[in-house]
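Enquirer: Next come a sequence and a model predicted from it.
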Amino acid sequence: MVSEKTKPISIVTAFFDIGRGEIGEGYPDYLRRTNDTYFEHFSRLAALENEMVVFTSEEHRDRIDALREGKPTKIIVIELKKKFRRQIKAIEKVQKSEEFRSRVNKDMLINIEYWSPEYVLINNLKTYFVNYAIRKKLVSGELVAWVDFGYIRDMETLNGIKCWKYDFDKEKIHLFTIRKKHPLNSMEDVYSAIFNNAVYIIGGSLVGSPKKWKEFYKLLRNNQNELLKENVIDDDQGLYMMSIFKRPELFKLNYLGKDRWFHLFRKYDKTIKMSLFERIKDFF
């Protein structure tokens, strides 16, 4: 899936401290992640030689720069809570409304996307960050990927690659799935996924050409506004499903394997280092 002319994929990511390290009792332990945990994960992503744009706050600039060790990197500092204060308030208003909470599966209300406006905001901003990087000419790749700051949990996830390359179709936005079947016959299916926290598409990585990212950004903004009018918010996966429902021709769904959240670099890189046993497992 890679030709000799394949160019490295430009990577965009972001990190802002939203207080996950200080989440109190009454919430699942897996929701608590310190800044050090995020930076430990990022240290593996930072090892890639691909050009990278990182959005963050001023206090994290030097730490990110040190981990990149001179590799092509642009760090964009944003005061998140100041720049997006209106959006945070709008999200918080929905999260606290009884109308919204009554529609969410009560067993799911404990999850962070239903009570943290900053978490929802950051996940909603992924297409914004990528398009900012494109608009400001901060990336030069024919393909641009969003990869979550903490996506690479261990070295096995990185799969030994040094520079990420793959011949993704430039006429599509590429989303990555952990389910083979997607119940998208109506908007009710989208709402069901949002209110039940059902995951079919991972939010950790998306890939597309600059042209297609612009189309996706416009579509996603319309979807966000449509949900807000219905007093509904979502972090990312539900919005991506909504986008597929609205414009299926824009997207290609790439199967990672059942519940294989972190197999991106195992399956979609110029040198795929997977055993026959792993390939068989991922087929089912």
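Expert: Right, received. Where do you want to start? As the structure is a prediction and not an experimental result, all values here were calculated from the model. Residues are numbered from 1 along each chain as shown.

Enquirer: can we go C-alpha only for contacts and neighbour counts from here?
Expert: Will do.

Enquirer: What is the neighbour count of Tyr240?
Expert: For Tyr240, the count of nearby residues is 23 (other Cα atoms under 10 Å).

Enquirer: before we move on, what about Ser186?
Expert: Residues near Ser186, counting by other Cα under 10 Å: 11.

Enquirer: Kindly state the pLDDT recorded for it?
Expert: In this prediction, Ser186 carries a pLDDT score of 88.

Enquirer: and it, what is it in contact with?
Expert: Residues touching Ser186, when contacts are defined by Cα atoms under 8 Å, 6 or more residues apart in numbering, comprise Phe245.

Enquirer: got the phi/psi numbers for it?
Expert: Ser186 has phi and psi values of phi -160, psi 170 when expressed as degrees, to the nearest 10.

Enquirer: Start the count at 16 instead of 1 going forward.
Expert: Shifting the count to begin at 16 puts that one at Ser201.

Enquirer: how near is it to Arg262?
Expert: In this structure, Ser201 lies at 13 Å from Arg262, with Cα to Cα, to the nearest Å as the measure.

Enquirer: Could you do Trp228 as well?
Expert: The span separating Trp228 from Arg262 equals 14 Å under the rule Cα to Cα.

Enquirer: Neighbour count: these two, which is higher?
Expert: Looking at Trp228 and Arg262 with other Cα under 10 Å, you find the greater number of neighbours at Trp228, namely 23 against 12.

Enquirer: This structure: helices as residue ranges?
Expert: Counting by DSSP state H, residue ranges of the helices within the chain are 50-60, 76-83, 95-98, 100-111, 113-118, 132-139, 141-150, 170-173, 202-211, 225-244, 252-261, 279-282, 291-298.

Enquirer: will you turn those helices into a markdown table that also has distance to Pro43?
Expert: Output for these, formatted as a markdown table (distance: least, Cα to Cα, whole Å):
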| stretch | distance to Pro43 |
| --- | --- |
| helix 50-60 | 17 |
| helix 76-83 | 28 |
| helix 95-98 | 25 |
| helix 100-111 | 19 |
| helix 113-118 | 19 |
| helix 132-139 | 16 |
| helix 141-150 | 25 |
| helix 170-173 | 24 |
| helix 202-211 | 17 |
| helix 225-244 | 27 |
| helix 252-261 | 21 |
| helix 279-282 | 26 |
| helix 291-298 | 29 |
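
Enquirer: right, and these - which one's nearest Lys180?
Expert: For the helices of the chain, the distance to Lys180 is smallest for helix 279-282, at 9.6 Å, taking Cα to Cα.
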